[in-house]
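Colleague: what's the 3D shape of this:
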Amino acid sequence: MSAEALMSVLDEEEPEFPNEKNPKSKAVYELFRQKNSKAKLLVLSSLEKTITDSVKDLYLTKDMMEELKEMYGREERHVHHQLVTLLHGTKMAQGTPVIDHVMKM
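Modeller: Model (predicted):
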């Protein structure tokens, strides 16, 4: 599956379930379902098992990606905050060459 096909599944909304009033909706729905299934397998195969277990029950690949962004977005903000706090709190010790302080930073 190409990256373009994966992106199209992430951008598209799930079509309505096929009904008798619109016979063409079945083909559209089946195509979306197949692309979603392949994209979901691709995403799941690239994750570690511990992460896979937390998102494998979601039906849409789009929902899986949103859940992963939410899970790891929080961690990035936390790590960023810790790093900024550490940098702001770092002081140059008296008698230490500037190069040593810069390397520490």
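Colleague: going forward, measure contacts and count neighbours with C-alpha atoms only.
Modeller: Will do.
Colleague: the bottom helix or strand of the chain by mean pLDDT?
Modeller: helix 3-11 (a mean of 70; mean pLDDT, DSSP states H and E).
Colleague: So which elements touch the next helix or strand after it?
Modeller: Counting by DSSP states H and E, the next helix or strand C-terminal to helix 3-11 is helix 24-45. Helix 24-45 is packed against helix 3-11, helix 61-89, with contacts defined by 3 or more Cα pairs under 8 Å, 6 or more residues apart in numbering; DSSP states H and E.
Colleague: Pick the most buried one from those.
Modeller: For the helices and strands packed on helix 24-45, the stretch with the most neighbours on average is helix 3-11, a mean of 14; neighbours defined as mean count of other Cα atoms under 10 Å.
Colleague: got the contact list for Val28?
Modeller: By Cα atoms under 8 Å, 6 or more residues apart in numbering, the contact set of Val28 is Pro15.
Colleague: Against Gly73, how distant is it?
Modeller: 33 Å (Cα to Cα, to the nearest Å).
Colleague: do the same with Gly95
Modeller: Counting by Cα to Cα, the gap from Gly95 to Gly73 is 41 Å.
Colleague: now Ser8
Modeller: Distance from Ser8 to Gly73, by Cα to Cα: 23 Å.
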